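[1] model this:
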Amino acid sequence: MPADSTTPAFARPLDIGPLHLRNRLVATAHGTAAVADGIPTAEDARYWGRLAAGGVGMAITGGMSVAKESTYRNRFLTEAWRPEAIGGMAGRAGAIRAGGAVAVAQICHLGRETLGANLFHSFVGPSDVLSPREQTSTRVLRTDEVPGIVEAFVASARNCAAAGFDGVELHGAHGYLLAQFLSRTVNTRTDRYGGSAAGRVTLVVEIIEGIRRAVPGLPVGLRVSVENDAGGSGLEDFGELLPLIQQRAPFDYLNLTYGMRGYYVRDMATEQPLLLGHSAALRDAVGVPLLLCSMFRDPAQVEQALATGADMVGMARPYIADPDLPTKFLAGRSDEVRPCVSCNEDCRSFDPTALCTVNPDLAPAGSDVRPASPLLLPLGPTRSNGTHPGRRIAVVGAGPAGVECALSLADRGFVPELFEAGDRIGGAIAVAAGTVSRHGWQRLLRFYDAGLRRSDIPVRYRTTVAPADLEGFDAVVLACGAAEDGPVTQPGAIPASSSTDYLADPPMVAGTVLIQDDGFGWWPTVSAVEAALDRGASSVVLLTPGGSFAGSIPPESRLQLMERLRGRPLDIRPLTAVVGTTGDGVVVRHTLTGAEQPLAGDLLVAIGRRRPRDLPTPAGIPTWVIGDAVAPRRVSNAIAEGRAAAATVARAIAVPALV
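    Here you go, the predicted model:
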C-alpha cells in the first residue's frame, strides 16, 4: 500500500531482518487450550488460521513451554521441548502463514510463577525468594543446572523452526523465569548468573547465543514487562539491562508490555494503554523495532503509539473478539469491529477452551458457534402464518440478546423491529456501563448502536408490548430480560434500594452505606461498593453470608479490584446475613454462631434475586425466548442465544428471494 498523508501509520509494512510484516498490527501471544497432551490440535490451527486471515501483520503464538517442570498437569500448554509436538506446531504455523501473517512462536519457562497444585514437578527459580502469588518455596537452580535451562530454550526453538515458524520470542515478562533472572529483587545469586546487571542478563544472553548456533538466521524477539510488584523491574531497569543483552547477543525486536502474573491481563477498569507514550527512550536504547502492548483498543491509540516510539502495536483479546479487526481498521471501518470489553470472563477461563463473551463465533471443538438453545414457546405453528412474506420479525427487548438477534436477523434478510421498554439499548449492561470501573461495556453498546443504524433497524423505545401489539409479525423473539427483587424492609426502616436501582443513579451519601451481598460476590456487589465510595460515603460495610468478597468475579479482576480498594473506608464482613431492618440500620446474624447484633447505617443497597420478566405471549405466532428472559445468566449466554435465535428463525421460516 503506497504511503501518503491519509494512510494510517499502522498500514505501513515493516521488515524485521528477514521477516516482512504487511502492516504494524500484531497479535500477541495468547493460548487457546485447544491442545491435547501438549500437542496443538486441528482446532487450534483453525483458530490461528482464522486470526491470520483477518489481516494481522504478525501472529505470536503463546503457551509454549520449554521444559517438563514448566508444564501444567492438564497439559493444555504446547510442549515445545518435545519433538512429538512438532507436527501439531506445524499445523499452527502453517495456518498462520497461509493467512498471510508472519508466524512467531513464543517460548517460555514459568519458573516460580506456577501453581504448584497443577504441576507434577517442583518448580525452579534463580533464588529462594517467595513469589507473592505462591505459597510454595522455589527450588533454587544450581549453577550447573542453568545450562540445562539454556538447552531447553534452544531445543524448543529448534523444534519451532522445524515446525515452520518464522521466528521465536523469548518470554521474559510477567515475572516468569527469564524475568526472575533479570530482576534485581528476585535474583540474589552470587554466581555468574546474578549480582550485577551484567550477571543477571547472562541467562538470556546464553539462550540467544545458543539459538543462533542451533538455528542460524532464525529471528529472535524478546518480551519484557514493566512490573507492578514492589521493587519490580521498570523502564529504567530495562534501559540498563537490554543494551547489555544487545551488546553480547543481539535480539531482533523488543516486545514491551505491563504487569506481573495476575495483573497483566487488565480488565475494563483500565481504560487507556498503560505504556502509551513511554517507549521512545527504550527503543532508542536497544536500537531494534519495538512492539508495544497492553490495553490498545482503537485506531487512535495505535496511531499515537506509533507516533511516540513504537514500531508495532500488539493486542490479544481484541483479536479474540474480532479476528477481522485489522481489515476493518485498514478500511476505516473501526465502528464495525466487535469490541473486546476486557471483561476477562471467557477468554481467561479455558473452559473447555478459550471463548469470548462478545464473540459467539468462537466455539469449543466440535461446534461451529458457541452452543445456545433459544426456548420455543408452545404457542402455535413454527412457520409463517401466511399474512406477510415471512420476513417481519418482532424482537421484544433491546438488551444484548435482543440486539444481537435483531442484527443477525437483518444479516439473514429478515426485517426485524425492536421494542424496548426503556429509553436506551443495553438492558442490564447499560446499567453496568455507567458504573465505576465498568465502562468497558460502553464499547459493546456503541458497536450495537452503530450496527442498528447501519442495518436501519427501528427501535421502538419506551414501549411496553402487549400480545396484541405483536399481531401481524411472522415470528416473535422475546428478550425481555430479568428484574431484580427489591430489599425486604420493615416500616420506618432506613432507605433501601435494589442494586439495579441504586447503580442506575447512585445518590450522594455522606454517611455509612450498607451493601447486602447475595453470598455469591458477582459484579453488582462490586459495582455497588465502588459506587458508594465514589459518591462520598464515609464508610461502606459489605455484608455477605458467603465466605469472601467478590469471590465469583474473574481472578485477575479480583486482584485489580483489591488494588483499587486498598486504603479505602471499606469494612468487609463475611459469614454475615441481614435478617432485619431498623430505623437507623439493620440487624445482622453470623451464619455460623447465630449471634445477632444491630448495625448502624444510612442507606441499604441489597443485591437481590433476578427473575425473568412476564412475557407478552402472542397467540398463533412462532415465538422464541432468549437471554435472561429464559433464566438470568451471563452476557455471553444472552449474545449466543441472540445469534442462535436468528438462525433458528431462519430455519423455521423460509424467506423468499429478495429482488
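
[2] any chance of the backbone angles for Ser636?
    phi -60, psi -40 (degrees, to the nearest 10).

[3] leaving out sequence neighbours, find the closest residue to it.
    Spatially, and ignoring its direct neighbours in sequence, Ser636 is nearest to Thr357 (4.3 Å; Cβ to Cβ, 6 or more residues apart in numbering). (Each C-beta comes from the backbone N, C-alpha and C, glycine too.)

[4] surely the one you found meets Val635?
    Yes: between Thr357 and Val635 there is a contact under Cβ atoms under 8 Å: 5.4 Å.

[5] what sits in contact with each of the two?
    343, 345 (Cβ atoms under 8 Å, 6 or more residues apart in numbering).

[6] pLDDT score for Ile383?
    Wrong residue type there; residue 383 is Arg, not Ile. Here, the pLDDT recorded for Arg383 equals 48.

[7] on that earlier part again, and the residue nearest to Ser636, how far from Thr489?
    According to Cβ to Cβ, to the nearest Å, Thr357 and Thr489 sit 35 Å apart.

[8] try Lys68
    To Thr489, Lys68 is 59 Å away according to Cβ to Cβ.

[9] more neighbours: which of the two?
    Thr489 (17 against 14; other Cβ atoms under 10 Å).

[10] how about low-confidence regions in the stretch 551-659 of the chain?
    Low-confidence segments of the stretch 551-659 of the chain, defined by pLDDT under 70: 654-659.

[11] and the contacts of the lowest-mean-pLDDT helix or strand in the chain?
    Lowest on mean pLDDT, DSSP states H and E among the helices and strands of the chain sits strand 375-376, with a mean of 86. Residues outside strand 375-376 that contact it (Cβ under 8 Å, 6+ apart): 382, 622-626, 630, 648.

[12] just want the most central residue of the chain.
    When the chain is reduced to its mean C-alpha position, the nearest residue by Cα atoms, centre = their mean turns out to be Asn344, at 3.5 Å.

[13] state the phi and psi torsions of that residue.
    phi 60, psi 20.

[14] residues contacting the nearest residue to it once chain neighbours are set aside?
    Excluding its sequence neighbours, the residue lying closest to Asn344 (Cβ to Cβ, 6+ apart) is Pro554, at 4.2 Å. Neighbouring residues of Pro554 by Cβ under 8 Å, 6+ apart: 267, 343-345, 348-349.

[15] quick one: Pro554 from Asp584, how far?
    37 Å.

[16] and what of Val529?
    21 Å.

[17] low-confidence ranges in the stretch 251-400 of the chain?
    For the stretch 251-400 of the chain, the stretches with pLDDT under 70 are 379-389.

[18] whoops, I mixed them up, the stretch 401-550 of the chain
    Using pLDDT under 70, the stretch 401-550 of the chain has no residue that qualifies.

[19] please, where are all the strands along it?
    For the stretch 401-550 of the chain, the strands defined by DSSP state E, counting those that start in this stretch occupy 415-419, 459-460, 475-478, 482-484, 496-498, 512-516, 539-543.

[20] pick the most deeply packed of these.
    strand 475-478 (a mean of 29; mean count of other Cβ atoms under 10 Å).

[21] direction included, what does it pair against?
    strand 392-396 (parallel), strand 623-625 (parallel) (DSSP bridges).

[22] on the three-state scheme, the nearest residue to Ile96 once chain neighbours are set aside is what?
    Of all residues not flanking Ile96 in the chain, Ala103 sits nearest, at 3.9 Å (Cβ to Cβ, 6+ apart). Secondary structure assignment for Ala103 (DSSP: H, G, I helix; E, B strand; the rest coil): strand.

[23] ok, now Arg223?
    strand.

[24] which residues touch it?
    Taking Cβ under 8 Å, 6+ apart, we find Arg223 in contact with 29, 106, 169-173, 254-257.

[25] now do Val630
    374-375, 612, 641.

[26] ok, the residues you listed vs Gly440, which is closest?
    Lowest distance from Gly440 to those (Cβ to Cβ) belongs to Glu641, with 21.5 Å.

[27] not counting sequence-adjacent ones, nearest residue to that closest one?
    Leaving aside its sequence neighbours, Glu641 sits nearest to Ile626 (Cβ to Cβ, 6+ apart; 3.9 Å).

[28] ditto for Trp523
    Leaving aside its chain neighbours, Trp523 sits nearest to Ile553 (6.1 Å; criterion: Cβ to Cβ, 6+ apart).

[29] show me where the stretch 1-150 of the chain has its helices.
    For the stretch 1-150 of the chain, applying DSSP state H, counting those that start in this stretch gives helices covering 42-53, 86-98, 146-162.

[30] need the ones you listed in JSON lines (columns: mean neighbour count).
    As requested, the helices of the stretch 1-150 of the chain are exported to JSON lines (neighbours: other Cβ atoms under 10 Å):
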{"stretch": "helix 42-53", "mean neighbour count": "21"}
{"stretch": "helix 86-98", "mean neighbour count": "22"}
{"stretch": "helix 146-162", "mean neighbour count": "22"}
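
[31] kindly reformat the strands of the stretch 401-550 of the chain as CSV containing distance to Val588.
    Shown next, in CSV, are those (distance: least, Cβ to Cβ, whole Å):
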stretch, distance to Val588
strand 415-419, 42
strand 459-460, 44
strand 475-478, 39
strand 482-484, 21
strand 496-498, 14
strand 512-516, 9
strand 539-543, 6
